[in-house]
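Asks: Pasting the sequence and the predicted coordinates here, then a few questions.
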Amino acid sequence: MKYRLIFVVILFVTCSFAYTQTDKILNDQEGIHILKNENGGFDLYIDGVKTYIKGVGGTNKIDLAAQNGSNAFRTWGGNTKSISRAVELAAQNNMFIMQGISLPKEPERYLDEEFKANTMQSVRKIVEAFKDDPNILIWGLGNEIELGGRNNSAYSWGFVEKLAKMIKSIDSRHLVATVITHNQRALDSIAKYAPSLDLVGINSYGSIDKVEEIVLESSYEGPYMITEWGPTGWWETSKTDWGAPIEQTSEEKRVVYENRYNDYIYGSERCLGSFVFLWGQKEERTPTWFSMFVESNVEGLPLNGEKTPMVEAMERVWKRTELSQTAPVINKFTINEKMGVESPYVIEGQTFVGSVDIVDKEGDELTYIWEILKEATVLGDGGSFEPRPERVGEVEITKTNTLTTSVSEPGNYRLFVYVSDNTGFVSTANVPFKVIYK
């Protein structure tokens, strides 16, 4: 009886303490906290308000992101000047920032004492300048430093831990994280060598359905965010006979964005939110692969950074409402009635037909923009810069859904179509094709 009474008293004191601590945090009007919830997951509180991160990758059109339901954006690095611009942009649009701090992917850098000392000094300067800023949410230490199996060691993660501890000694408001690829071994290493991190960011595309599984199977026990996600990557998709990766149409991407968000991000117990990629435009294998907006200011191409169907998708899932204006729906795009997965070949100098099967739910008048590019050969690594491939011939503009054209020089190419509904949406698709000798 005596022991039972002691146990009840201890339990009461423990529960009271836990309640007091939680109550204090929930009523704290200043600070960012991650708390365990009753389901065994985690919740994020910003100045006492429970917050789920609905983020975008990049600083493009942040006003539109905010209008569409987003509350945060992510950067990959910067100095005090660029961070000041990001902070101003966030304040103007009532957004939070996951502010990146660049770290190298080369393993030898983490054995270089001079490099590490200089990095500590530059990071200290940045953190001291912004330690009280209310729009910064997370300091993101590096992006995929372990890419390809590199840097998954005590040297690299030990340095990340050292940076995290230094930041926390200066900045008591903001969270500290790192960002990795879809990689269970990296999670295990972080649990072992970088325990001071508040959370881990995970970049995942076609394998996003396995993220929760690898987190649960790892030795890492903390919360995470999906810090990059979007279409199926060029390294994950089907290829033509000659090895060209098949890109999804923008309609296929729209469906993928909605399904992946609803099924594998929203509602996952240990996931605090995500940053969709890319809320902007970049060249990576093609100008459209990861781009949620089309290009602008490209000579001869009458595009001005319009929205793709993936922007439609995110407004739908963030706001949980249906839109009054939607993008054209590309059902199929072929060359001589063959899709990309069927490896279309054409003969040098002979005409071939590109045809797009498309509908527009609102019945808008459609404009078709056609372009042929050589297959990309100057390729980046881990998202690094790639030049836009060379155009072949002239851009064609039609009011019909077919194009008859030809290419005189053998080689590997892609035919692109951009379909504008003239309301601000442009849908995209491309087919890789090979030109062969007669």
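Replies: Thanks, I have the structure now.

Asks: And this structure, what are its domain boundaries?
Replies: If you go by automatic domain parsing, the domain ranges for the chain are 22-319, 329-436.

Asks: Of those domains, flag the one that's most buried.
Replies: domain 22-319 (a mean of 19; mean count of other C-beta atoms under 10 Å). (C-beta placed from N, C-alpha, C; glycine too.)

Asks: ok, back up a step: any chance of the domains of the chain in TSV, plus mean pLDDT?
Replies: As requested, those are exported to TSV (pLDDT from 0 to 100):
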stretch	mean pLDDT
domain 22-319	96
domain 329-436	97
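
Asks: tell me the contacts of the residue lying closest to P104 once chain neighbours are set aside?
Replies: Of all residues not flanking P104 in the chain, I145 sits nearest, at 7.0 Å (C-beta to C-beta, 6 or more residues apart in numbering). Under the criterion of C-beta atoms under 8 Å, 6 or more residues apart in numbering, the neighbours of I145 are L103, P104, K105, N151, S156, V160, T178, I180.

Asks: List phi and psi for I145.
Replies: phi -70, psi -20 (degrees, to the nearest 10).

Asks: got the contact list for E337?
Replies: V353, S355.

Asks: Go again with 7 Å.
Replies: With contact set as C-beta atoms under 7 Å, 6 or more residues apart in numbering, E337 has no partners.

Asks: distance of it from T249?
Replies: Distance from E337 to T249, counting by C-beta to C-beta, to the nearest Å: 16 Å.

Asks: Over to L141?
Replies: For L141, the distance to T249 - C-beta to C-beta - is 36 Å.

Asks: likewise V87?
Replies: In this structure, V87 and T249 are 37 Å apart, going by C-beta to C-beta.

Asks: Next: I436.
Replies: Separation of I436 from T249 (C-beta to C-beta): 25 Å.

Asks: Same question for S169.
Replies: Distance from S169 to T249, by C-beta to C-beta: 50 Å.

Asks: Same check on S84?
Replies: 40 Å.

Asks: try G349
Replies: G349 is 28 Å from T249, by C-beta to C-beta.

Asks: for T398, same thing?
Replies: 18 Å.

Asks: can you check F433 too?
Replies: On the measure of C-beta to C-beta, F433 and T249 end up 16 Å apart.

Asks: Give me the phi and psi angles of the nearest residue to S204 once chain neighbours are set aside.
Replies: Leaving aside its sequence neighbours, S204 sits nearest to H182 (C-beta to C-beta, 6+ apart; 4.3 Å). Main-chain dihedrals, H182, degrees, to the nearest 10: phi -70, psi 90.

Asks: contacting residues for the residue lying closest to R254 once chain neighbours are set aside?
Replies: Excluding its sequence neighbours, the residue lying closest to R254 (C-beta to C-beta, 6+ apart) is P309, at 3.8 Å. P309 sits next to S250, E251, K253, R254, A327, S427 when contact means C-beta under 7 Å, 6+ apart.

Asks: Show me the two of the residues you listed that sit farthest apart.
Replies: Within the contacts of P309, K253 and A327 form the most distant pair, 10.7 Å apart (C-beta to C-beta).

Asks: how about the helices in the stretch 151-300 of the chain?
Replies: Applying DSSP state H, counting those that start in this stretch to the stretch 151-300 of the chain gives helices spanning 154-170, 184-193, 211-217, 250-264.

Asks: Quick one: closest of those to G55.
Replies: Here helix 250-264 is closest among the helices of the stretch 151-300 of the chain (C-beta to C-beta), at 11.6 Å.

Asks: Just give me how far that closest one sits from the chain centre.
Replies: Averaged C-alpha coordinates place helix 250-264 at 13 Å from its chain's average position (C-alpha atoms, centre = their mean, to the nearest Å).

Asks: Next: stretch 341-356.
Replies: The answer for stretch 341-356 is 33 Å, by C-alpha atoms, centre = their mean.

Asks: Residues contacting it, please?
Replies: With C-beta under 7 Å, 6+ apart, stretch 341-356 has contacts from 238, 240-241, 246, 330, 333-336, 338, 370, 401-410, 415, 417, 419, 429, 431, 433-438.

Asks: can you rerun that using 6 Å?
Replies: 238, 240-241, 246, 330, 333-336, 338, 401-404, 406, 408, 410, 415, 417, 433-438 (C-beta atoms under 6 Å, 6 or more residues apart in numbering).

Asks: How about stretch 288-301?
Replies: 230, 247, 277-279, 281, 284, 287, 303-306, 308, 310-311, 395, 426, 428.

Asks: Am I right that S355 sits in a strand?
Replies: Yes. Counting by DSSP: H, G, I helix; E, B strand; the rest coil, S355 is found in a strand.

Asks: quick one: it from D263, how far?
Replies: Distance from S355 to D263, by C-beta to C-beta: 33 Å.
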